[in-house]
Structures are given as structure tokens and as C-alpha cells.
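Novice: Here's a sequence, model it:
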Amino acid sequence: MSGDVAEMSFEDALRELEQVVGKLERGEVPLDESIALYERGALLKGRCEAKLKEAEEKVAKLTLDGDGQPTGTAPLDG
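Specialist: Purely as a prediction, here's the structure:
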């Protein structure tokens, strides 16, 4: 388990979350470690969800000219 979850990129958090899930699914860790892994996984899941929400909020729609050609972007809710 590496680093502060709050500082992780989406990709890093997802990669570690996949590792946590794999360990839990294999059942190769003692109960105490399983609980710690589950708690870490919950934090990682929350980080991934937050980063996805940030990305959704940044999504822009294309603005088109009279011929239907893209001319730029505008805020999604703009």
C-alpha cells in the first residue's frame, strides 16, 4: 500500500484498487490484513469516484459552425 490516497491520480488509485481486490478475492491474507485491505480499498474507490466526477465536470461540448464543423468547445452547462 503506497502513498496518500488523496494525492493519487485516478490511474494509480485504480491500479492499487485492482491489486487490493485481487488479494481479497484470492483469500491469501489473514483476517486482520483483509480488514485493512478492505478499508484501503474503500478509500481508493472513493478517490476514483471523485476523480471521475472531476472529469465529468470538465467535459465540454463541441460548438459547431453553420456547416456543422467543430469550432471549439463550450462548458457542458453553458
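Novice: Next, the contact list for residue 3, please.
Specialist: residue 12 (Cβ atoms under 8 Å, 6 or more residues apart in numbering). C-beta: built from backbone N, CA, C; applies to glycine.
Novice: three-state assignment of it?
Specialist: At residue 3 the chain is in coil, as set by DSSP: H, G, I helix; E, B strand; the rest coil.
Novice: in the chain, what secondary structure element scores lowest on mean pLDDT?
Specialist: Least confident helix or strand of the chain, by mean pLDDT, DSSP states H and E, is strand 60-64 with a mean of 61.
Novice: Backbone dihedrals for residue 70, please?
Specialist: Phi and psi for residue 70, reported as degrees, to the nearest 10, are phi -60, psi 140.
Novice: which residues touch the residue most central in space within the chain?
Specialist: With distances taken as Cα atoms, centre = their mean, residue 48 lies nearest the centre of the chain, 2.2 Å away. Counting by Cβ under 8 Å, 6+ apart, residue 48 touches 10, 13-14, 17.
Novice: Tell me which of those fall in helices.
Specialist: If you go by DSSP state H, the contacts of residue 48 have 10, 13-14, 17 in helices.
Novice: now these: which count as buried?
Specialist: By neighbour count, with 16 or more other Cβ atoms under 10 Å, those hold 13-14, 17 as buried.
Novice: which among these gets closest to residue 53?
Specialist: Nearest to residue 53 among these is residue 13, at 13.3 Å by Cβ to Cβ.
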